[in-house]
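Asker: Build me a model:
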Amino acid sequence: MIAKYTYGNPLDTDAVVLKMNATVGKPEFFSVERTPEGIVFSLDLAEEDIIFGLGQSVRGINKRGYRYRAWNIDEPCLSETRENLYGSHNLLVFFRASRCFGAFFDDPGEVLYDLGFTDRTRATVTSKQGSLNLYIITGDSLKGIAKEFRRLTGRSYAPPRWGMGYIQSRWGYASEADVRTVAEEHRKRHIPLDALCMDIDYMEDFKNFTWKQDAFPDMKRFASEMKQNHLRLVPIIDAGIKQEPGYAAYDSGKEKDVFCKKLKGAEFTAAVWPGLCCFPDFMKQESREWFGDQYRPLLDAGLEGFWNDMNEPALFYSREALQEIYDRMEALRAIGKDHDGMWRIKDTFHRLANNPADFQSFYHRMDGNFVRHDRVHNLYGAFMTRASAEGFKRYNPTKRYLLFSRSSFIGAHRNGGIWQGDNYSWWSHLKLALQMLPNLNLCGFLFTGADLGGFGLDVTEDLLARFLQLGVFTPLMRNHSALHTRDQEIYRFGSWQQMRDTVTVRYALLPWLYSEFMKAVLEDGMYFRPLAFDYPRDPRAIRVEDQLMLGENAMIAPVCEANAVGRYVYLPEDMLFIRFRSAADYDLEPLKKGAHYIALKLNEFPLFIRKNTLLPLNAGAESTEELDYSSYTLLGWVTEEAKGRLYRDDGVSTNLDLDSHLTAMSALPGQADAQGILRKKTKI
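Answerer: You can find the predicted model right below:
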């Protein structure tokens, strides 16, 4: 059941698709108070309470005990001290054995969460601007609340099937020759690959919707050649449009009046990669239509996927902020060089990028009204995603395009996926990537994944190997790294054959992974879940922080520690343990409910499936288009009749009817060996 409570005059965030009237009275569970800091929602916490939600945020799956902030920001250091990241996902789900409920704070501005940080027995949520819709979701299970929330906010985005293939990306591919070399190095080593991302280097002077004519002399021909080799090109698109007369996007945007303005009507500008830029007013329908149509030259060239970036929006500096820095530095000359002066000088420069004053200095037009940017700041990236997706739909309404974004708000999950942000090559970020997944899924973002290996810093060989093993199971499987870091393509490393073998498992599992993903989309479920969602009465399962349920009947437990040669796992029920080394090299071992230590060499990683369920394992291929979607080996621990459902469609059309694309699977104990282990080759 869902109840809506309205405070102040909230703006339409496009997060909710279920239209409903507000309930009169106080919301269940919370006390509400207006304070000088904003409107504050509070509730007492019992010792056993667990808090899920907040999507893209640091720390564990259970968010209790820390403070968080909904305010999208370009900040790559995803350390435990970060209170806010690239996305704002204002859903909390409170769980204990006797009670569970969800609370969605539909507020596009700054929201503060103190989830037992100040007082462990109390949670408070503060809406700084005090205008929002609060939705309280009640149900008899965590899964039920997740399903109700999806009913409230809409069906999750489904990518084309090739978008779930392995993707290689790096900031620094600056020419057709660079991209072609990376493709050839994968193909000649038989490393499966479906797409190559192009970062800002492909653009002419970093300008959106352009490409360097000397480096990419014929983009349409190049894209066609790549596609003949079962590869797609996926370029980056940033939010800022360079303020340069004669640049087509700027000229047409200025003519159509699509850019954000200052209060007196001048264009707001701030520097990003191309220099001073204007920023499309994505809150305005005409601006979204204009922006979505700007993709047409790239779509006409045959490109079928894009990643949107720098859309928090990220601001390197504005003229005003830069002048303030100069003035402050001049004033600091007189302070001298004591310790106080040193720290004040250092802190001055921290105010340059993403300056709060800049976010308060420009305006959007929403429903004919001027709205200051900081009131709707967290919507900017989400509405950029919306503009892109709507443009693709106008271009070809029957085709799915790959689209994922850095910044987001709930509601954007209907139009595209997200990646987890510009992480580092740290072991802690491998574990963080795992722990973000279920809360992102809870908030509707099913198509997601981390930058495998880490975006910043120099990855170690063993860290990349373990990152790839997690990536085998994430819908977005992209190896991405930054300029001036160690080359991170698989073939650069001495153990590349073992890493290649890991990627072969992705392709052997891909028809099944795609099936589990699409069932989650079409049944309003979760692809990844905390164990508490499936075993809410198991006190050990509900506290597990490094294992996740996947799809209907599986569990993952990746190795997230350096130099580990195994790990402990907790099985809430009897499961079949599959130790993968490659698509063709794996062990099967039945394990009883309980705690187990499992040995896992650097080239080995686990998957667990429930007893009397079936895993269809494909022979694999070097691209999604080359897979045989009819031939499988059914794996299982079968002691009674085992059943399953496999979803298959054409992988590209928008016809996503569940019933017409499901095929039943089954096996009987007599088809298994004496231990009950099934390895049955079959056509499905």
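Asker: Low-confidence stretches in the protein?
Answerer: Confidence mapping of the chain against pLDDT under 70 gives the ranges 335-339.
Asker: where along it do the helices fall?
Answerer: All helices of the chain, identified by DSSP state H, fall at 142-153, 176-188, 219-228, 248-256, 285-293, 296-300, 319-332, 339-349, 356-359, 380-395, 427-442, 461-471, 496-522.
Asker: Just give the number of residues close to the closest residue to Gly305 other than its chain neighbours.
Answerer: In space, Gly305 comes closest to Leu402 once its chain neighbours are excluded; the distance is 3.0 Å by CB to CB, 6 or more residues apart in numbering. Where C-beta positions appear, they are placed from N, C-alpha and C, glycine not excepted. For Leu402, the number of neighbouring residues by other CB atoms under 10 Å comes to 25.
Asker: Leu402 and Tyr380, how far apart?
Answerer: 21 Å (CB to CB, to the nearest Å).
Asker: re earlier: right, and the helices of the chain - which one's nearest His89?
Answerer: Taking CB to CB as the criterion, helix 427-442 is the member of the helices of the chain that comes nearest to His89, at 7.3 Å.
Asker: Excluding chain neighbours, what is closest to Ser318?
Answerer: Ala270 (4.4 Å).
Asker: ok, now which ones touch that neighbour?
Answerer: 240, 276-277, 279, 315-318, 358 (CB atoms under 8 Å, 6 or more residues apart in numbering).
Asker: Write down the beta-bridge partners of it, one by one.
Answerer: According to DSSP bridges, Cys277 are recorded as the beta-bridge partners of Ala270.
Asker: how many other residues sit next to Trp496?
Answerer: By other CB under 10 Å, the residues close to Trp496 number 16.
Asker: Likewise for Ser31?
Answerer: Neighbour count for Ser31, taken as other CB under 10 Å: 12.
Asker: Please identify the buried residues of stretch 262-275?
Answerer: Neighbour-count burial for stretch 262-275, with 16 or more other CB atoms under 10 Å as criterion, is recorded at 267-274.
Asker: For the closest residue to Trp637 other than its chain neighbours, list each beta-bridge partner.
Answerer: Take Trp637 and drop its neighbours on the chain: the residue closest to it by CB to CB, 6+ apart is Leu576, 3.9 Å away. Leu576 forms beta bridges with Pro590, Ile609, as assigned by DSSP bridges.
Asker: What's the local residue count around Leu576?
Answerer: For Leu576, the count of nearby residues is 24 (other CB under 10 Å).
Asker: Pro217 now?
Answerer: Neighbour number of Pro217 under other CB under 10 Å is 12.
Asker: now it: how far from Lys261?
Answerer: With the distance defined as CB to CB, Pro217 ends up 38 Å from Lys261.
Asker: Over to Pro616?
Answerer: When distance is defined by CB to CB, Pro616 is 55 Å away from Lys261.
Asker: more neighbours, these two?
Answerer: Neighbour tally, Pro616 and Lys261, criterion other CB under 10 Å: the higher count belongs to Pro616, 22 against 18.
Asker: Does that one touch Ile684 like I think?
Answerer: Yes - taking contact to mean CB atoms under 8 Å, the distance of 6.4 Å between Pro616 and Ile684 places them in contact.
Asker: joint contacts of those two?
Answerer: Any residue near both Pro616 and Ile684 by CB under 8 Å, 6+ apart counts here, and that gives 632, 646, 665.
Asker: so Leu531 touches Val544, yeah?
Answerer: Yes - at 4.8 Å, Leu531 and Val544 qualify as touching, with contact defined as CB under 8 Å.
Asker: any idea how far Arg579 lies from Ala557?
Answerer: Spatial separation of Arg579 from Ala557 under the definition CB to CB is 11 Å.
Asker: Tell me how the chain divides into domains.
Answerer: If you go by automatic domain parsing, the domain ranges for the chain are 2-153, 318-352, 513-683.
Asker: Nearest to Ala248 among the ones you listed would be which one?
Answerer: Each of these has some distance to Ala248 by CB to CB; the shortest is domain 318-352, at 24.6 Å.
Asker: Gly302: how many residues sit nearby?
Answerer: Residues near Gly302, counting by other CB under 10 Å, number 17.
Asker: which residues sit in contact with the closest residue in space to it that isn't next to it in sequence?
Answerer: Spatial nearest neighbour of Gly302, chain neighbours left out: Ala223 (3.9 Å); criterion: CB to CB, 6+ apart. Applying CB under 8 Å, 6+ apart to Ala223 gives the contacts 232-233, 301-303.
Asker: now, which of the residues you listed sits nearest Ala642?
Answerer: Looking at these and their distance to Ala642, the nearest is Arg232, at 36.4 Å (CB to CB).
Asker: partner residues bridging that closest one?
Answerer: When assigned by DSSP bridges, Arg232 has beta-bridge partners Ala195.
Asker: Turn the contacts of Ala223 into TSV, columns for distance to Leu78.
Answerer: Listed next are those as TSV, based on distance: CB to CB, whole Å:
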residue	distance to Leu78
Arg232	28
Leu233	28
Ala301	35
Gly302	35
Leu303	30
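Asker: Please list all residues in contact with the residue nearest to Trp637.
Answerer: If a contact means CB under 8 Å, 6+ apart, then Leu576 has 588-591, 608-611, 635-637, 677 as its contacts.
Asker: Buried subset of those residues, written for PyMOL?
Answerer: Command for PyMOL, covering only those of the contacts of Leu576 found buried under the criterion 16+ other CB under 10 Å:
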select buried, resi 588+591+608+609+610+611+635+636+637
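Asker: thinking again about what came up before, identify the farthest-apart pair in the contacts of Ala270.
Answerer: With distance counted by CB to CB, no two of the contacts of Ala270 lie farther apart than Phe279 and Tyr317, which are 14.0 Å apart.
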